[in-house]
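J.: Model the following, please.
(chains A and B)
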Amino acid sequence: QKEVEQNSGPLSVPEGAIASLNCTYSDRGSQSFFWYRQYSGKSPELIMSIYSNGDKEDGRFTAQLNKASQYVSLLIRDSQPSDSATYLCAVTVTNFGNEKLTFGTGTRLTIIP
Amino acid sequence: EPEVTQTPSHQVTQMGQEVILRCVPISNHLYFYWYRQILGQKVEFLVSFYNNEISEKSEIFDDQFSVERPDGSNFTLKIRSTKLEDSAMYFCASSEGRNQPQHFGDGTRLSIL
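T.: Prediction:
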């Protein structure tokens, strides 16, 4: 069973601080890694994608990937109350062109004003 | 910005009835997906579709489910005889190509009575 694991939280972070979200995955064949944000009752919204080891920055967001440790993380700098949401880690294993996303259960993040 | 659109936003149906959920993927995207999310649970893959055929389906996607791309824009999910446990949010997603991020529609909330 290919799994994606996340701490369900809730994770509470003061406004303006750095929020750190973590994810591990079990399938070493995983090739693409994504972070989605999901507000309550809404659909997943793509935040970041990362494909190779190292860091990738986009505005206040930084994704980090370590394939040897099977670990991917998301850092949110200067956290804002609007960042309060559930963050979903998702992984794909490309298998004969099939690219389903396997999601973690998500980490609920609350930014405290 | 192009987006995936889904209709209806909410569908209430009696158990045993057939439902069709509709999606219009982003126009230049080639890969299409259906996912579902039962309340309080993680997002689960149902089926992927490429080049006018199913490329992969999950164990959830049994004989009661079918997908179709009836024309150049629509992508539908049919549940032939609904069960109580089919109650969930159903998300359509599309991607431009291999290993590209999947973009989700707003979802259809399906309630089976």
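
J.: For chain A, give me the ranges with low pLDDT.
T.: Scanning chain A with the threshold set as pLDDT under 70 gives A:1, A:94-98.

J.: For residue 50, which non-adjacent residue is spatially closest?
T.: Went with chain A since none was named. A:Ala63 (4.3 Å; Cβ to Cβ, 6 or more residues apart in numbering or on different chains). Just so you know, the C-beta spots here come from the backbone N, C-alpha and C atoms, and that holds for glycine as well.

J.: My question was about chain B, not that one.
T.: Per Cβ to Cβ, 6+ apart, closest to B:Tyr50 is B:Tyr31, 5.1 Å.

J.: Quick one: residues contacting that neighbour.
T.: Residues near B:Tyr31 by Cβ atoms under 8 Å, 6 or more residues apart in numbering or on different chains: A:Glu99, B:Ser48, B:Phe49, B:Tyr50, B:Ser55, B:Ser94, B:Ser95, B:Glu96, B:Gly97, B:Arg98, B:Gln100, B:Gln102.

J.: who are the neighbours in contact with the residue nearest to A:Ile50?
T.: Counted by Cβ under 8 Å, 6+ apart, A:Ala63 has contacts A:Phe33, A:Trp35, A:Met48, A:Ser49, A:Ile50, A:Asp55, A:Lys56, A:Val72, A:Ser73, A:Leu74, A:Leu75.

J.: okay, the nearest residue to B:Met15 once chain neighbours are set aside: pLDDT?
T.: Sequence neighbours aside, B:Ile112 is the residue nearest to B:Met15 in space, at 5.4 Å (criterion: Cβ to Cβ, 6+ apart). At B:Ile112 the predicted local confidence, pLDDT, stands at 97.

J.: Counting neighbours, what do you get for B:Ile112?
T.: 19 (other Cβ atoms under 10 Å in any protein chain shown).
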